[in-house]
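Student: Structure, please.
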Amino acid sequence: MITGSVVLYNSAQDIVERLIYSFGVNEDRRIILIDNSEKRTDIYLNREYIEYIYNEKNLGYGSGHNIGIKKAIEYNSEYHIVLNPDLFFESNIIDELKMYADSDKSVVYILPKVIGEDGNLQYLCKLLPTPFDLFVRRFLPNIGLFQKLNDRYTLKVFGYDKIINPPCLSGCFMFLRTAVLKRNNLFFDEKFFMYCEDFDLIRRLHRVGKTIYYPKVTIVHHHEKSSYKSRKMLMLHIKSACLYFNKYGWIWDKERKMQNKKILKEAIDDHI
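Tutor: Numbers count the residues shown, from 1 in each chain. Below is the predicted model:
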């Protein structure tokens, strides 16, 4: 069985229905909707292969998905997919991701190629970030030397056309091996309300297996970028970044240095 979880927060029904259709629910694919909205809804109740959980308050993104991961372990699903609600894709891509993961038991996470609704590629593979990387990406991504630094941070040198194993990727679509989550007690750190919780979990996943970017299949991601539009969300993003660097180190981070050096060397060797 493959399970998926989606955290809802006042999410438009048509967007959620599109994702459910993309996921392709059936007896072997069950989706768990975790609703953090102010008001519950009955529209997802009593629908086959869909489990709706209303939390009565906003627990946050990672805390919500932890409910889904625990359900996946309870269902004994082989793979669990953490999903943003603003995605759509062909349901057969899940079968291809499963085939790839089945072929290599060291794979613990997969992110497919991600494009926007405009067809443009989203650069979601990354180095483990430094504070400066996040500052440049948020405020100076397209200015001279800073653009080159941002391109380095987002690993554009790889061309996004081959399978790679970076230490940091987006959490918009997380194809996860459930047994690894269970065996290593790997869940989202609930100190993060929203933002950086994916960086944190994928970093910990990378310690126990391969975290793969797989460009042979493509999904579409609306990518709201709410912290670019709302001061409140920007402050929340900054708070989460501070939590992340307090956890792993602001200036000195031995693991970051080692992992970034490794993936950049692979990029250079690949172009020799």
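Student: just the helices in the stretch 151-272 of the chain please.
Tutor: Remark: helices assigned in the stretch 151-272 of the chain by DSSP state H, counting those that start in this stretch are 178-183, 197-206, 231-248, 254-270.
Student: Output those in TSV; the columns should cover mean pLDDT and mean neighbour count.
Tutor: C-beta coordinates here come from the backbone N, C-alpha and C atoms, glycine included. Output for those, formatted as TSV (pLDDT from 0 to 100; neighbours: other Cβ atoms under 10 Å):
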stretch	mean pLDDT	mean neighbour count
helix 178-183	97	16
helix 197-206	97	22
helix 231-248	92	16
helix 254-270	89	14
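Student: So which of those helices is nearest residue 10?
Tutor: Closest approach to residue 10 among these (Cβ to Cβ): helix 231-248, 14.0 Å.
Student: Model confidence at the most centrally placed residue in the chain, what's the number?
Tutor: Geometric centre of the chain, nearest residue: residue 171, 0.9 Å, by Cα atoms, centre = their mean. In this model, residue 171 is scored at 94, pLDDT.
Student: Contacts only, for the spatially closest residue to it that is not a sequence neighbour.
Tutor: Leaving aside its chain neighbours, residue 171 sits nearest to residue 198 (2.5 Å; criterion: Cβ to Cβ, 6 or more residues apart in numbering). Residues counted as contacts of residue 198 (Cβ atoms under 8 Å, 6 or more residues apart in numbering) are 169-171, 174.
Student: hmm, which of the residues you listed are the buried ones?
Tutor: 169-171, 174 (16 or more other Cβ atoms under 10 Å).
Student: Among those residues, which lie within strands?
Tutor: 169, 174 (DSSP state E).
Student: Now tabulate the buried ones among the contacts of residue 198 in JSON lines and tack on distance to residue 261.
Tutor: Shown next, in JSON lines, are the buried ones among the contacts of residue 198 (distance: Cβ to Cβ, whole Å):
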{"residue": "169", "distance to residue 261": "18"}
{"residue": "170", "distance to residue 261": "22"}
{"residue": "171", "distance to residue 261": "24"}
{"residue": "174", "distance to residue 261": "25"}
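Student: now, among the buried ones among the contacts of residue 198, which is nearest to residue 144?
Tutor: Of all these, residue 170 has the smallest distance to residue 144: 25.7 Å, by Cβ to Cβ.
Student: measure the closest one to residue 249 for me?
Tutor: Computed as Cβ to Cβ, to the nearest Å, the residue 170 to residue 249 distance reads 22 Å.
Student: residue contacts, the residue nearest to the centre of the chain?
Tutor: If you count contacts by Cβ under 8 Å, 6+ apart, residue 171 has them with 82, 197-199, 201-202.
Student: Report the secondary structure state of residue 77.
Tutor: Secondary structure assignment for residue 77 (DSSP: H, G, I helix; E, B strand; the rest coil): coil.
Student: Number of residues surrounding residue 213?
Tutor: 22 (other Cβ atoms under 10 Å).
Student: And it, how close does it get to residue 7?
Tutor: Counting by Cβ to Cβ - residue 213 and residue 7 are separated by 23 Å.
Student: got it, and residue 57?
Tutor: For residue 57, the distance to residue 7 equals 13 Å [Cβ to Cβ].
Student: out of these two, which sits in the busier spot?
Tutor: residue 7 (27 against 9).
Student: what bridges to that one?
Tutor: Assessed by DSSP bridges, residue 7 has beta-bridge partners residue 34.
Student: List the residues that contact it.
Tutor: Residue 7 sits next to 34, 36, 61, 64-65, 68, 85 when contact means Cβ under 8 Å, 6+ apart.
Student: Next: residue 107.
Tutor: By Cβ under 8 Å, 6+ apart, the contact list for residue 107 reads 100-101, 177, 209-210, 212.
Student: Cool, thanks, talk later.
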